[in-house]
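[1] The following comprises the amino acid sequence and a computationally predicted model.
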Amino acid sequence: MTPHQIHLIRTSFEPLKPLAATIAEAFYARLFMHDPALRSLFRGRDMAQQGERLMQMLAAAVELLDRPGALTPVLLRLGQRHGDYGVTAAHYDSVGAALLDTLAAGLGEGFTPETREAWTAMYRLVARTMQEGAAAAVLAA
């Protein structure tokens, strides 16, 4: 990721922080609308708490974007845990689409094509690294 993309992500994420609970709720609504089968992965979970975790993870990823040495191990472990929950490679596409749709709705005109491209690059990095973590866990088992 370029320094400019990191700047775009950080500045666009800032106004969403005070709206974390609302953003998380909107994200999961879009996710389950896009891929209703994913709802079964969350049965019995406190979705408000799940939303808090989502927003904390996003905030951490945004903060560590310019420090891949710190971000990568976190994402590898997160991918391993998600693999244990039954998350598959195909699910990452649904999550990415829901994330971008949520950001577009939350940021409105502030979600410019350039900002969308930056978030897409970030999500690809996150998803790819998490999938590597899940694959490594399967190989180690």
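    Yep, that arrived.
[2] how close does residue 128 sit to residue 89?
    Per Cβ to Cβ, to the nearest Å, residue 128 is found 10 Å from residue 89. For glycine as for every other residue, the C-beta is placed from the backbone atoms N, C-alpha and C.
[3] With residue 48 instead?
    From residue 48 over to residue 89 (counting by Cβ to Cβ), the distance is 28 Å.
[4] cool, and residue 44?
    Where residue 89 is concerned, residue 44 sits at a distance of 24 Å (Cβ to Cβ).
[5] Would you mark the buried spots in the longest helix seen in the chain?
    Determined from DSSP state H, the single longest helix within the chain is helix 113-140. For helix 113-140, the neighbour count (16 or more other Cβ atoms under 10 Å) marks 115-116, 118-119, 121-123, 125-127, 129-131, 133-134, 137 as buried.
[6] Give me the below-cutoff pLDDT ranges for this structure.
    Regions of the chain meeting the criterion pLDDT under 70 cover residues 141.
[7] can you give me the helices for it?
    Under DSSP H, the chain gives helices at 3-13, 20-34, 47-64, 68-84, 89-107, 113-140.
[8] Save these as TSV, and put in distance to residue 40 too.
    Shown next, in TSV, are the helices of the chain (distance: least, Cβ to Cβ, whole Å):
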stretch	distance to residue 40
helix 3-13	29
helix 20-34	10
helix 47-64	13
helix 68-84	14
helix 89-107	11
helix 113-140	18
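[9] Could you give me the buried positions within stretch 85-103?
    Residues of stretch 85-103 classed as buried: 87, 91, 92, 94, 95, 96, 98, 99, 100, 101, 102, 103 (neighbour count, 16+ other Cβ under 10 Å).
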